[in-house]
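Asker: from the sequence below, what's the structure:
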Amino acid sequence: MKNKIHDYSQLVWGRDYVFELLNEGTGGYMTGIGKSIELGDYIILRHSCQVYQYQVEEINYYRHPPDIYIALLNNPRYHPPNAH
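Answerer: The predicted model follows:
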């Protein structure tokens, strides 16, 4: 099964999701909204003017509401604009 890509680069940090960098930028914790994100999927995030693609290493969904999750993201890779 192919891993999905979820593009959050056009969403607003602090309103649509929260991302906290860990380990000098090699990963981070993200809290966001979405039901179809699974282990191994990729999430695209914008940091200032740069866009990076992270891989979901761990993910846990809240019970209420069930579409809110917290995920551990790792292995950031620079993602050139319009590279979907």
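Asker: could you list the low-confidence segments of the chain?
Answerer: Scanning the chain with the threshold set as pLDDT under 70 gives 81-84.
Asker: most centrally placed residue in it?
Answerer: Ranked by distance to the mean C-alpha position of the chain (Cα atoms, centre = their mean), the top residue is I43 at 3.8 Å.
Asker: wait, that one sits on A71?
Answerer: Yes - with contact defined as Cβ atoms under 8 Å, I43 and A71 form a contacting pair (7.4 Å). Any C-beta I mention is one placed from the backbone N, CA and C, and that applies to glycine too.
Asker: before we move on, which element is the closest residue to L21 other than its chain neighbours in?
Answerer: In this structure, L21 finds its nearest non-sequential neighbour in G28, 4.6 Å apart by Cβ to Cβ, 6 or more residues apart in numbering. Taking DSSP states H and E as the definition, G28 sits inside strand 27-33.
Asker: if we can go back for a sec, got any residues that touch both of I43 and A71?
Answerer: Listed as contacting both I43 and A71 by Cβ atoms under 8 Å, 6 or more residues apart in numbering are 30, 37, 56.
Asker: report the backbone C-alpha coordinates of the helix or strand containing the last one in CSV.
Answerer: Using DSSP H and E, the secondary-structure element containing V56 is strand 50-61. Backbone C-alpha positions of strand 50-61 (Å, rounded to 0.1, in the frame of the first residue of the first chain) are rendered in CSV as follows:
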residue,chain,number,x,y,z
GLN,A,50,10.5,26.9,3.1
VAL,A,51,8.3,23.8,2.6
TYR,A,52,9.2,20.5,4.1
GLN,A,53,7.8,17.0,3.8
TYR,A,54,7.9,14.9,7.0
GLN,A,55,7.0,11.2,7.5
VAL,A,56,4.5,10.1,10.2
GLU,A,57,6.4,7.9,12.7
GLU,A,58,3.6,7.7,15.3
ILE,A,59,0.0,8.9,15.3
ASN,A,60,-2.7,8.9,17.9
TYR,A,61,-6.3,10.2,17.5
